[in-house]
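J.: Sequence below, structure please.
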Amino acid sequence: MTSGIFMVRGCSRSTGHSSEPFIRNVIRHHGKSRGGRLVDRGSMDVLFFKKTFRERRLRVSHARLVVFQELSRNRKALSPRELYQGLLRKKKGVGLTSVYRSLELLASLGIVFKTMSGTVTRYKLCGLAGHHHHIVCERCGEVVEFDFCDLPHWTKRLARMTGYQITAHHFDFVGLCRGCQKKV
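T.: Residues are numbered from 1 along each chain as shown. From the prediction side, this is the model:
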């Protein structure tokens, strides 16, 4: 991916074939492939944000809304300090503690994706609803989301081996995006 952060939608899960060629095709054509489309992260708007909070009987505070809006304007995963510095420059009147609290709440609601980059926690607006995974560039923070998951086989095997009843999993990839690979 050469610019921006995109998310993959419309992936076929039931074909039984490897999804790798599909991913390459979608990324190469930026949404022009047969099976899926790429959508800009800004598609999650303030109306959705407010609706999500209302449904959960949560208050839409100034800090929460401003943090959400700042995340929706950024293409990279941001640390709380980076987010705070951006809000400070724009004179939004939100303190660092409010930024941390807002990010944790948004992450618990599934509105933002929380990832570790070295020793720094970063957050990115999560555009896909429901079960999905991420690929995160360890250098620049770019995030690609995809909604297919070929883990049912592993899940069943792991459940048999451990005796666990597995109810969910969290699985993310970390690496270097194409842009950062070119800089190496």
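J.: Outline the domain layout of this structure.
T.: Per automatic domain parsing, the domain ranges recorded for the chain read 1-43+127-184, 45-120.
J.: Can you tell me the SS state at Lys114?
T.: Assigned state for Lys114: strand (three-state reduction, DSSP: H, G, I helix; E, B strand; the rest coil).
J.: Phe173 in helix, strand or coil?
T.: When classified by three-state DSSP, Phe173 comes out as strand.
J.: Secondary structure element for the nearest residue to it once chain neighbours are set aside, which one?
T.: Leaving aside its chain neighbours, Phe173 sits nearest to Ile135 (4.4 Å; criterion: CB to CB, 6 or more residues apart in numbering). For the C-beta atoms, the positions are set from N, CA and C on the backbone; glycine is no exception. Here Ile135 is covered by strand 133-137, with elements defined by DSSP states H and E.
J.: Ok, Thr121 next?
T.: Applying DSSP H and E as the criterion places Thr121 in strand 120-125.
J.: Count the residues that sit near the residue nearest to Phe173.
T.: Neighbourhood size, Ile135 [other CB atoms under 10 Å]: 17.
J.: Low-confidence stretches in the chain?
T.: Low-confidence segments of the chain (pLDDT under 70): 1-44, 127-132.
J.: let's see 50
T.: In the predicted model of the chain, residues 1-43, 128 satisfy pLDDT under 50.
J.: for it, what spans make up the helices?
T.: 20-29, 46-55, 62-73, 80-89, 96-108, 152-162, 178-183 (DSSP state H).
J.: Save these as JSON lines, and put in distance to Gly118 and mean neighbour count too.
T.: Formatted as JSON lines, the entries for the helices of the chain read as follows, by distance: least, CB to CB, whole Å; neighbours: other CB atoms under 10 Å:
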{"stretch": "helix 20-29", "distance to Gly118": "25", "mean neighbour count": "15"}
{"stretch": "helix 46-55", "distance to Gly118": "29", "mean neighbour count": "13"}
{"stretch": "helix 62-73", "distance to Gly118": "20", "mean neighbour count": "19"}
{"stretch": "helix 80-89", "distance to Gly118": "14", "mean neighbour count": "17"}
{"stretch": "helix 96-108", "distance to Gly118": "18", "mean neighbour count": "18"}
{"stretch": "helix 152-162", "distance to Gly118": "27", "mean neighbour count": "11"}
{"stretch": "helix 178-183", "distance to Gly118": "14", "mean neighbour count": "12"}
